Each structure stands twice: as structure tokens, then as C-alpha cells.
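Trainee: sequence and predicted structure are below.
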Amino acid sequence: MALTPARERDPNDPYFQRVFTVANAITLVRFALLVPVCWLVVTGADGSWAPVILLAVWASTDWIDGVLARALHQESRLGEVLDPIADRIGIIGVTLSLAIAGVVDWWILAVIFGMDVLAVVFAGREARDGSIHVSWLGKIRTALLLVAIVVLLLGHTVLPGAMPVGVMLMLLGTGLHIVAAIDYMLKARRLRLVQTGPTAASGTASDAASTTPGEAR
């Protein structure tokens, strides 16, 4: 079922009023865990399971908050905004930590960050007002990147044999990230053409919102 864009909802819809929900609390926990996760990724000693376990817990919250929001009927505008922000900041932060630790190449971080910036500039406004939502490709991309960083850290700390698998998953996830970002930008461009005609298709960077397309919940 298609999700109703935020701008088309009744202003009195509880969707806009919900703040203190279980799902939003889980998302905030994801933010809170990011600093210790990144610290352990950078400083974690060989043979230590601590960074792997904490990273796995952090990654799992991306799935848990969305499931709870739908199961408890706690979908909210706040959650819809926070969730993709947590995804993007988290993946970039952990990938940066892995690059500092020498686990991944810096160009991978540059590609992920660069595509996020382009998505903000060219599709951020449409993501902000709920006109476009995450595709299955985007969901698979995020899941693949989250699994990849966990497997890479596993290979770096306690199970060296997992490293090639982690590298392969990271490369696949990075490739899908490029494709997904381009897909979002094309969807946003088509939407602008439909809404305002060809003259507004080019848009401007000032129209972009401060969030990237992510999973609405």
C-alpha cells in the first residue's frame, strides 16, 4: 500500500503528534550507541568479541524500530525523519571507523558519503515531504551494508576467515548504494516534472532537505 505523503495528511493526524513511542526510543538508542560502537571498532583488540557484539546490536536496531512502529501502530513523522538520518550517520560513522582501523579502503567511505550528499541535494526535498519512499533496492542496500560492516569487524577481530566475505558484501553494498541513490534522484526529478513542469526539473541545491531518502515508518 502506498504511503501518504506528510504534506497530504490531516494536520490533526496522530502521526504528527506521536513523539514518545517505543520505536522512536529504539532509534534514539541507535544514536546513543554510535559513539561507543565507533570507539570499539577503532580500538578493539584482536580476539575481542565486545566490538562485534555491540556493533551487531546497533545494526539490529535499524530493523527493530521499524517492525515495532508498524506492529504497535506507532508510525510517526518524527520516526520517519529520524530513521533515515540514523541510518546514514551510522553507516558513514562505522565505515569511517573501519577505514581508520585499516579494515576498509578510504575510497569506499568516499563513495558512500558522496552519494549521500548527492541524494540530499537532488532528492532531499521530496524525501522530506514524503513524496518518495525507500524502494526494495534501498532496503536491500542498507541491510547489505549493515551485514557487511559486522562481518568485516568479525574478520578483523576474531575470525580472519570472514574477511573476504565481508569485503565482498561491502563491495556489493557500495554498488547498490550508488544505484539506489541514482534511483532516488531520478524519482525526485520525475516527480518535479509532473508537479511543476520541465522548467523546475533542474531544481537548486537550496531546495534540498537535510535528510536522505530512507525507510519511512
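Mentor: Noted; the coordinates are in hand.

Trainee: name the helices or strands packed onto the helix or strand that contains Glu80?
Mentor: Assigned by DSSP states H and E, Glu80 falls within helix 77-100. The contact analysis (3 or more C-beta pairs under 8 Å, 6 or more residues apart in numbering; DSSP states H and E) places helix 77-100 against helix 22-43, helix 50-71, helix 106-128, helix 136-157. The way it works is simple: take the backbone N, C-alpha and C, and place the C-beta from them, glycine included.

Trainee: who wins for proximity to Leu78 among those helices?
Mentor: Among the helices and strands packed on helix 77-100, the nearest to Leu78 by C-beta to C-beta is helix 22-43 (5.9 Å).

Trainee: what residues sit buried inside that closest one?
Mentor: By neighbour count on 16 or more other C-beta atoms under 10 Å, the buried set for helix 22-43 is 23-24, 26-27, 29-30, 33-34, 37-38, 40-42.

Trainee: what's the angle from the longest helix belonging to the chain to helix 106-128?
Mentor: Identified as the longest helix of the chain according to DSSP state H is helix 163-196. If you take axes from the mean of the first three to the mean of the last three C-alpha atoms, to 10 degrees, helix 163-196 sits at 30 degrees to helix 106-128.

Trainee: give me the low-pLDDT residue ranges for this protein?
Mentor: 1-13, 15, 130, 197-217 (pLDDT under 70).

Trainee: so which residue is smack in the middle of it?
Mentor: In the chain, the C-alpha nearest the mean C-alpha coordinate belongs to Asp87, at 2.8 Å (C-alpha atoms, centre = their mean).

Trainee: correct me, but that residue touches Asp62?
Mentor: Yes - here Asp87 reaches Asp62: they are 6.2 Å apart, a contact under C-beta atoms under 8 Å.

Trainee: need the overlap of contacts for the two.
Mentor: Thr142 (C-beta atoms under 8 Å, 6 or more residues apart in numbering).

Trainee: pull the contacting residues for Gly44.
Mentor: 50-52, 101, 153, 156-157.

Trainee: between those residues, which sits nearest Leu176?
Mentor: Leu153 (20.1 Å).

Trainee: ok, the closest one touching Leu54?
Mentor: No - using C-beta under 8 Å, Leu153 is not in contact with Leu54; the gap is 9.7 Å.

Trainee: need the three-state assignment for Ala45.
Mentor: Put simply, Ala45 is coil when judged by DSSP: H, G, I helix; E, B strand; the rest coil.

Trainee: count of neighbours near it?
Mentor: 9 (other C-beta atoms under 10 Å).

Trainee: now the one 10 residues further on
Mentor: Using other C-beta under 10 Å, Leu55 is surrounded by 27 other residues.

Trainee: could you check how far it is from Ile92?
Mentor: 14 Å (C-beta to C-beta, to the nearest Å).

Trainee: likewise for Asp46?
Mentor: 25 Å.

Trainee: same question for Leu54.
Mentor: Leu54 is 18 Å from Ile92, by C-beta to C-beta.

Trainee: same question for Leu159.
Mentor: 25 Å.

Trainee: got it, and Val167?
Mentor: 18 Å.
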